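S.K.: compute the structure for the input listed below.
(one chain, ligands or ions: 2)
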Amino acid sequence: MKNSYSNIYSFNKKTLRKTINYLKNSDVVGLPTETVYGLGGNAYSISSIKKIFKLKGRPKSNPLIIHYFDLNDAMKDIIVNRYFIKLYEKLCPGPVTFVLRKKISSKIHPLSLAKLKTVAVRFPKHKVVRSILKEISFPLAMPSANTSSNLSPVNAKDVFDEFKHKVRFILDGGKSRVGIESTVIDLTGSPKILRPGVIDKNMLEKILRTSIEENKSKTLKSPGMMRKHYYPGIPVLIDQKKYIKDSAYLYLGKKYKQRKNFFSLSEDSDLDEAASKLYKTFRLVKKKGYKRIQISEIPNKGSGIAINDRIKRASRF
Ligand code: TXA
Ligand code: MG
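M.R.: Numbering: from 1, shown residues only. Ligands and ions are numbered 1, 2, ... in the order given. Predicted structure coming up:
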């Protein structure tokens with residue numbers, strides 16, 4: 001069924017078939033995942049990969065995450081190790097991405113990996129994307145469905161706002177539950193977190209029974225973690241105490257519930273809930289015409305670490 005936006009389609013048997021056909025023909029489509037919406041294409045097809053980079057305006061040096069249904073499928077392309085197997089068993093499918101060495105025989109197109117010898121693999125949990133992955137015989141290269149350096153989309157309409165009709169087909173799978181991008185962990189040596197997410201360092205350390213290093217390496221191991229990113233289109237000020245006129249003020253709790261221009265990310269001060277509302281609220285206040293976003297201090301623990309990572313980068317524009 002067509003939505004009021006001519007390229008947003010709700011999920012059903014017919015649109016599932018349509019999506020699969022588009023992907024088989026190396027077309028690129030907007031797809032829901034539990035973290036954020038992605039721009040998916042056949043990871044083995046050069047024309048799909050070229051379309052993704054072009055649509056996003058993404059530098060060729062920034063590799064894409066490759067999405068699989070399960071471990072069995074991923075084994076074609078990656079060299080597994082014991083850390084990966086432990087984490088896979090406990091966390092997958094789920095909001096976490098693993099950087100592993102690529103098999104020489106892998107058919108993933110080198111352009112999607114920025115010519116690296118490693119692959120970032122993810123097993124998304126969202127039932128819509130799983131039903132697609134289950135039926136296709138290739139993995140999906142799928143960056144977040146936003147133009148480079150912008151905010152990731154958390155529903156189908158956000159994807160439309162990013163690309164309008166440049167993306168022919170957007171599959172609507174409701175809002176993304178997690179609301180921020182997956183945790184990226186490098187497992188090619190001793191484990192390192194390259195991008196924090198709701199699967200946090202403590203959870204990973206407990207499963208691996210080893211401590212995880214902070215990523216201090218000077219060479220940029222995750223090329224996508226460039227300084228400027230997650231830009232909502234208006235200035236972002238962090239660790240704010242005093243309200244400035246014409247700002248939208250984002251905070252945790254319900255202290256300012258009755259006050260205009262104040263937006264709670266979680267009335268219970270729950271950091272997972274705050275993460276899930278962050279981009280949604282950024283987009284909302286930008287649309288309402290606020291001049292800037294102020295955010296009160298966010299505790300740097302659990303999902304708060306991922307929130308602070310994103311808002312710090314957003315504030316550097
Ligand atoms: O939640 C997510 O991960 C979403 C959904 C759609 O799955 N995808 C996503 O993709 O956030 P993207 O392209 O927006 O971010 C991928 C990040 C970038 O920072 C990129 O540099 C890093 O993963 N990355 C990809 N391949 C890598 C590799 N081989 N080594 C190190 N970092 C890699
Ligand atoms: Mg992204």
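
S.K.: residues of this structure that sit close to ligand 1?
M.R.: Residues of the chain lying near ligand 1 by Cβ under 6 Å from any ligand atom: 33, 35-36, 38, 62-65, 97, 99, 113, 116, 118-120, 122, 124, 142-144, 181-182, 184, 194-195, 221-225. All C-beta spots, glycine's among them, are computed from the backbone N, C-alpha and C.

S.K.: of those residues, grab the buried ones for PyMOL.
M.R.: Entered in PyMOL, the line below selects the buried ones among these, by 16 or more other Cβ atoms under 10 Å:
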select buried, resi 33+35+36+38+62+63+64+65+97+99+113+116+118+119+120+122+124+142+143+144+181+182+184+194+195+221+222+224
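
S.K.: in strands, which of the residues of the chain next to ligand 1 fall?
M.R.: G38, I65, T97, V99, T118, V119, A120, R122, V184, L194, R195 (DSSP state E).

S.K.: so G94 makes contact with I199?
M.R.: Yes. In this structure G94 lies within contact range of I199 using Cβ atoms under 8 Å: 6.9 Å.

S.K.: how far away is S211 from ligand 1?
M.R.: When distances are taken as Cβ to the nearest ligand atom, to the nearest Å, S211 and ligand 1 turn out to be 21 Å apart.

S.K.: what's around that residue, how many residues?
M.R.: When neighbours are counted by other Cβ atoms under 10 Å, S211 registers 10.

S.K.: what residues does it make contact with?
M.R.: Going by Cβ atoms under 8 Å, 6 or more residues apart in numbering, S211 touches E205.

S.K.: tell me the spacing between K115 and K175.
M.R.: When distance is defined by Cβ to Cβ, to the nearest Å, K115 is 35 Å away from K175.

S.K.: so between those two, which is more surrounded?
M.R.: It is K175, of K115 and K175, that has more neighbours when counted by other Cβ under 10 Å, with 16 against 10.

S.K.: right, and the more buried one touches N155 too?
M.R.: Yes. Contact between K175 and N155 holds when scored by Cβ under 8 Å: they sit 4.7 Å apart.

S.K.: give me the common contacts of these two.
M.R.: When Cβ under 8 Å, 6+ apart defines a contact, the residues bordering K175 and N155 alike are K280.

S.K.: what's the spacing between the most centrally placed residue in the chain and S144?
M.R.: When the chain is reduced to its mean C-alpha position, the closest residue under Cα atoms, centre = their mean turns out to be E181, at 2.9 Å. Separation of E181 from S144 (Cβ to Cβ) stands at 6 Å.

S.K.: what do those two both touch?
M.R.: Overlap between the contact sets of E181 and S144, as judged by Cβ under 8 Å, 6+ apart, is given by V36, S152.

S.K.: just the buried residues of whatever helix or strand I207 lives in, please?
M.R.: With elements delineated by DSSP states H and E, I207 resides in helix 201-208, which encompasses its position. By neighbour count on 16+ other Cβ under 10 Å, the buried set for helix 201-208 is K201, M203, L204, L208.

S.K.: with pLDDT added, can I get those residues in CSV?
M.R.: Listed next are the buried residues of helix 201-208 as CSV, based on pLDDT from 0 to 100:
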residue, pLDDT
K201, 97
M203, 97
L204, 98
L208, 97
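
S.K.: reformat these as TSV; add distance to L252.
M.R.: Formatted as TSV, the buried residues of helix 201-208 follow (distance: Cβ to Cβ, whole Å):
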residue	distance to L252
K201	21
M203	21
L204	24
L208	30
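
S.K.: residue contacts, D239?
M.R.: With Cβ under 8 Å, 6+ apart as the criterion, the residues that contact D239 are I295, S296, E297.

S.K.: now with 6 Å?
M.R.: Taking Cβ atoms under 6 Å, 6 or more residues apart in numbering, we find D239 in contact with E297.

S.K.: cool, thanks, signing off.
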